[in-house]
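>>> my questions concern the predicted model and sequence given below.
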Amino acid sequence: MKIKELFAQKEPVFSFEFFPPKTDKAAEKLMETVAELKGALSPGYVSVTYGAGGSTRERTLECVRRIHTELGLTAMAHLTCVGHTAVELTEIVRELVDAGVENVLALRGDPPQGETRFSAVDGGFANASQLVEHLRGEFDLCLGGACYPERHPEAISLESDVRWLKHKVEQGVDFLVTQLFFDNADYFAFVDRIRAAGIDVPVIPGIMPITNVAQIERFTSMCGARIPEELRVRLDPIRDDAAAVMATGIEHATLQCRALIAAGAPGLHFYTLNKSHATRSILASVKAL
Ligand SMILES: NC(=O)C1=CN([C@@H]2O[C@H](COP(=O)(O)OP(=O)(O)OC[C@H]3O[C@@H](n4cnc5c(N)ncnc54)[C@H](O)[C@@H]3O)[C@@H](O)[C@H]2O)C=CC1
Ligand SMILES: Nc1nc(=O)c2c([nH]1)NC[C@@H]1CN(c3ccc(C(=O)N[C@@H](CCC(=O)O)C(=O)O)cc3)CN21
């Protein structure tokens with residue numbers, strides 16, 4: 001099923017993101033986790049991120065195919081331009097399409113570790129727009145794209161980020177998933193801004209429940225998301241108390257999700273980091289509304 005058809009149904013679409021397992025054993029464990037989430041929460045779709053290189057990339061594709069074929073769930077593969085030529089990207093997507101997968105999240109990708117600037121390979125792409133344009137020309141796929149309520153860290157200004165986003169959507173993006181954010185005001189202001197610019201595809205809030213303070217600090221400083229002062233003040237004194245952090249993270253994300261759905265957000269996309277507890281707890285309470 002194409003994910004854009006789910007958004008046309010008007011009910012909020014709940015989706016879960018996983019990263020590729022590193023070993024065969026972890027792959028089996030992940031399939032069990034996804035099967036459990038399927039039973040408990042019947043997600044609209046499940047997505048698997050694309051690794052930085054080598055064997056983890058094979059695992060992404062394998063995992064997406066298995067989620068589609070063995071679990072019968074709508075699946076989306078993330079794909080990045082990092083280190084690939086256009087020809088390679090076509091070959092990868094051909095395999096997915098042959099397996100029946102109909103959804104791809106078309107990303108530029110992060111610069112490799114240790115590098116601060118993204119550089120395209122010869123015969124490859126410099127940004128997600130070029131990947132979208134390429135895939136649109138070759139396949140009948142539903143394409144997702146990433147967007148940044150607090151702007152992309154490399155963007156020169158809010159305005160230029162919105163302009164490039166508009167260009168990307170015009171190349172054929174069917175829906176957008178946001179970078180994680182912790183203050184809904186950032187999401188609402190962003191949606192207003194891009195609607196005013198004429199971008200009219202669904203914009204799905206990306207939610208990451210905080211479960212570990214050091215990890216979220218590391219990740220947010222890399223990706224340019226802000227932890228609001230009130231939340232920081234609550235987390236700081238409990239940072240070494242795992243259970244208290246989990247409870248606070250779940251409480252914050254639950255309030256965020258309830259308010260987003262109440263305001264008419266088209267769905268919620270959970271960055272699960274392959275752990276299901278927080279997402280299950282949040283979604284159970286959102287669904288009970
Ligand atoms: N690995 C994964 O599964 C995921 C990765 N990401 C990350 O999101 C980040 C960027 O990916 P995308 O949003 O897909 O990139 P993008 O290509 O849409 O945007 C990246 C930056 O380049 C600018 N830009 C876009 N098109 C441009 C153009 N034609 N000329 C000049 N500047 C342009 C944008 O304003 C933005 O600042 C990466 O850091 C990516 O890895 C996000 C979600 C999941
Ligand atoms: N710039 C960027 N790159 C991404 O890969 C990315 C985004 N943004 N935003 C959306 C999701 C969120 N992603 C994330 C978010 C957090 C971690 C993280 O904190 N990872 C842990 C290790 C997790 C583990 O192995 O258990 C870390 O400590 O870095 C990783 C990927 C992947 N996606």
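Done, it's in. Ligands and ions are numbered 1, 2, ... in the order given.

>>> which SS class is the closest residue to ligand 2 within the stretch 1-150 of the chain?
Nearest to ligand 2, among the residues of the stretch 1-150 of the chain, is Asp110, at 4.9 Å (CB to the nearest ligand atom). Every C-beta, even on glycine, is put in place using the N, C-alpha and C of the backbone. Following DSSP: H, G, I helix; E, B strand; the rest coil, Asp110 is assigned to coil.

>>> let me know the pLDDT of it.
Confidence at Asp110, expressed as pLDDT, is 94.

>>> same question, Glu150
Glu150 is given a pLDDT of 97.

>>> circling back to that earlier point, can I assume the residue of the stretch 1-150 of the chain closest to ligand 2 is in contact with Gly83?
No - Asp110 is beyond contact range of Gly83, at 11.6 Å (criterion: CB atoms under 8 Å).

>>> who in the stretch 1-150 of the chain is up against ligand 1?
Proximity of the stretch 1-150 of the chain to ligand 1, by CB under 6 Å from any ligand atom, involves residues Thr49, Tyr50, His78, Thr80, Leu107, Arg108, Gly109, Asp110, Asn127, Ala128, Ser129, Ala146.

>>> out of those, which sit inside strands?
His78, Thr80, Leu107, Ala146 (DSSP state E).

>>> please spell out the ChimeraX selection for the buried subset of those residues.
The ChimeraX selection below is limited to those of these classed as buried (16 or more other CB atoms under 10 Å):
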select :78,80,107,146
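
>>> among the ones in strands among the residues of the stretch 1-150 of the chain next to ligand 1, which pair sits farthest apart?
Farthest-apart pair in these is Thr80 and Ala146; separation 10.2 Å (CB to CB).

>>> shared neighbours, these two?
Between them, Thr80 and Ala146 share these contacting residues under CB atoms under 8 Å, 6 or more residues apart in numbering: Leu107.

>>> now the strands for the stretch 1-150 of the chain?
For the stretch 1-150 of the chain, the strands defined by DSSP state E, counting those that start in this stretch occupy 13-18, 45-48, 75-80, 103-107, 142-147.

>>> figure out which of the ones you listed is closest to Lys275.
Of all the strands of the stretch 1-150 of the chain, strand 13-18 comes closest under CB to CB, at 9.7 Å.

>>> count of residues packed around Gln113?
6 (other CB atoms under 10 Å).

>>> looking at the protein, which helix is longest?
helix 242-262 (DSSP state H).

>>> just the buried residues of the helix or strand following that helix, please?
Counting by DSSP states H and E, the next helix or strand C-terminal to helix 242-262 is strand 267-271. By neighbour count on 16+ other CB under 10 Å, the buried set for strand 267-271 is Gly267, Leu268, His269, Phe270, Tyr271.

>>> next one, pLDDT for His84 please.
According to the prediction, His84 has pLDDT 96.

>>> quick check on the residue of the stretch 1-150 of the chain closest to ligand 2: phi, psi?
Dihedral angles of Asp110 (phi, psi; degrees, to the nearest 10) stand at phi -80, psi 150.

>>> please name the residues that touch it.
Contacts of Asp110 (CB under 8 Å, 6+ apart): Ala52, Thr80, Val82, Phe118.

>>> okay, Thr116: pLDDT?
Thr116 is given a pLDDT of 85.

>>> actually Asn274, not the one I wrote
In this model, Asn274 carries a pLDDT of 93.

>>> burial check on the nearest residue to Phe181 once chain neighbours are set aside, number of neighbours?
Leaving aside its sequence neighbours, Phe181 sits nearest to Pro149 (CB to CB, 6 or more residues apart in numbering; 4.9 Å). Applying other CB under 10 Å, we find 24 other residues in the vicinity of Pro149.

>>> wait, isn't Pro149 in contact with Phe190?
Yes - with contact defined as CB under 8 Å, Pro149 reaches Phe190; the gap is 3.8 Å.

>>> which residues are common contacts for those two?
With CB under 8 Å, 6+ apart as the test, Pro149 and Phe190 both reach Thr178.

>>> so who does Leu79 touch?
Tyr50, Leu89, Ile92, Val93, Val104, Leu105, Ala106, Leu107, Leu131.

>>> quick one: the fifth one and ligand 1, what's the gap?
When distance is defined by CB to the nearest ligand atom, to the nearest Å, Val104 is 11 Å away from ligand 1.

>>> can you check the second one too?
Spatial separation of Leu89 from ligand 1 under the definition CB to the nearest ligand atom is 13 Å.

>>> mind listing what that residue touches?
By CB under 8 Å, 6+ apart, the neighbours of Leu89 are Leu79, Cys81, Gly124, Phe125, Leu131, His134, Leu135.
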